[in-house]
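Asker: Let me see the structure of the following:
(one chain, ligands or ions: 1)
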Amino acid sequence: MTRLFHHEGELAVARAAHEHRTMYSLSSLSTTSIEEVGSATTGPKCFQLYIHKDRGMSWDFIERCKEAEFSAICLTVDTLVAGNREKDLYTGMVIPPKFSLNSLFSFATHPSWSLNYLLRRKFELANVAGKISEGTGKLTSVVGYMNSQFDRSITWKDAAEAINRWGKPFAIKGVMSVEDAKRAVDIGASAVMISNHGGRQLDGSTAPFDQLGPIVDAVGDQIEVIVDGGVRRGTHVLKALAMGATACMIGRGYLYAVAAGGYAGVDRALTRLREEIERDMVLMGCSSLQQLDRSKLHC
Ligand SMILES: Cc1cc2nc3c(=O)[nH]c(=O)nc-3n(C[C@H](O)[C@H](O)[C@H](O)COP(=O)(O)O)c2cc1C
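Answerer: Coordinates of the predicted model:
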């Protein structure tokens, strides 16, 4: 729902990612469609799949990604029910955003955002618009959408079916244990994404970084191991790679940037991140990423 942060939305982030030669990942709940992102950039693109109760629509996402030439899919498995997002209740946050007594103060104190929201591109859940009215025509909370639309009955069998239907690189996102990482290998996934959804689901869950070492040790020679959660600085990336991760992902790191300045904001954030990674590699005495290993960490 990047349109909430800036009217340039997902397109700004996808273009900046391409420019910086990194992969962009588009949510099922994006405000720009698979097709529009597909035609806006030829850079590597991942689609994040939420299996909805409407299975036909969910499998159709996969076909749409093939048409739009996405490079990979990741299936998020940590959101069968939504975490209790109390702040949304406090602020009166609903989708599409609406002026209400609760939200009035926030709208009034952010006039530039409010004007852009009212005058620029309309908010819609672009991948499901026309199929699901909640969140586009019909008001709902984010938690309400997740709890009413996501399929809680999904199993490893469904993940295996998604892998078969897609037939290209496929990651399971939200893995937090060695046991689940091994199962991901067994069903033919190409990557596990160690993630606790940025701490937005289960309050007090383990930090993904703390699960990285054991998961790399168990499956790192069979599958790519990607990690996210709190990656804000170049040093965070270097620590994860030194621990054995194949790659890191960032969520809020780019959302703050797109909120501040659209494409220019993300461009600047990614420039800073690259500068930090390169500077810190020099300071660590590393001339290539291959030289990063656990001997570089004090564990
Ligand atoms: C506003 C927001 C929306 C998110 N939406 C999704 C989503 O639709 N699907 C998903 O798999 N993860 C979603 N996430 C979680 C991110 O993919 C990622 O796991 C998390 O943000 C990583 O932590 P970080 O924000 O500290 O980088 C969202 C996170 C934020 C902050």
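Asker: can you count the residues close to the closest residue to the ligand within the chain?
Answerer: Checking the chain residue by residue against the ligand with CB to the nearest ligand atom singles out G251 as nearest, at 2.1 Å. Just so you know, the C-beta spots here come from the backbone N, C-alpha and C atoms, and that holds for glycine as well. Number of residues near G251 (other CB atoms under 10 Å) recorded here: 16.
Asker: repeat for K87
Answerer: When neighbours are counted by other CB under 10 Å, K87 comes out with 7.
Asker: how about the host helix or strand of it: buried residues?
Answerer: Secondary structure assignment for K87, by DSSP states H and E: helix 86-91. For helix 86-91, a neighbour-count test (16 or more other CB atoms under 10 Å) marks D88 as buried.
Asker: so what does that helix touch, helix or strand wise?
Answerer: helix 101-109 (3 or more CB pairs under 8 Å, 6 or more residues apart in numbering; DSSP states H and E).
Asker: Counting by contacts, list what the helix it packs on packs against.
Answerer: Where contact means 3+ CB pairs under 8 Å, 6+ apart, helix 101-109 is packed against helix 86-91, helix 111-119.
Asker: if we go to 7 Å?
Answerer: Judged by 3 or more CB pairs under 7 Å, 6 or more residues apart in numbering; DSSP states H and E, the packing partners of helix 101-109 are helix 86-91.
Asker: Surely A247 is in contact with V225?
Answerer: No. Judged on CB atoms under 7 Å, A247 makes no contact with V225 at a distance of 8.5 Å.
Asker: higher neighbour count, these two?
Answerer: Higher neighbour count among A247 and V225: V225, with 26 against 16, using other CB under 10 Å.
Asker: Would you mind confirming that that one is in contact with A189?
Answerer: No. Counting by CB under 7 Å, V225 does not reach A189; the two are 11.1 Å apart.
Asker: Around the ligand, pick out the residues from the stretch 101-250 of the chain.
Answerer: When proximity is defined by CB under 6 Å from any ligand atom, the stretch 101-250 of the chain lies next to the ligand at K173, S195, H197, G198, R200, D228, G229, G230, V231, I250.
Asker: rerun at 5 Å
Answerer: Counting by CB under 5 Å from any ligand atom, the positions of the stretch 101-250 of the chain adjacent to the ligand are S195, H197, G198, D228, G229, G230, I250.
Asker: Which ones among those residues map onto strands?
Answerer: Judged by DSSP state E, those include D228 as members of strands.
Asker: Surely Y145 and G135 touch.
Answerer: Yes. In this structure, Y145 is within contact of G135 by CB under 7 Å, at 5.1 Å.
Asker: Give me the more crowded residue out of the two.
Answerer: When neighbours are counted by other CB under 10 Å, Y145 and G135 differ, and G135 comes out ahead with 25 against 20.
Asker: doesn't S71 make contact with P44?
Answerer: Yes. Using CB under 7 Å, P44 makes contact with S71 at a distance of 4.6 Å.
Asker: Wait, L11 touches T32, no?
Answerer: Yes. Counting by CB under 7 Å, L11 touches T32, with 5.7 Å between them.
Asker: Do a quick rundown of the helices in the protein.
Answerer: In the chain, the helices defined using DSSP state H lie at 9-19, 34-40, 55-67, 86-91, 101-109, 111-119, 142-149, 156-166, 178-186, 208-219, 234-243, 252-284.
Asker: quick revisit: wait, what's in contact with the residue of the chain closest to the ligand?
Answerer: Contacts for G251 (CB atoms under 7 Å, 6 or more residues apart in numbering) come out as G198, D228.
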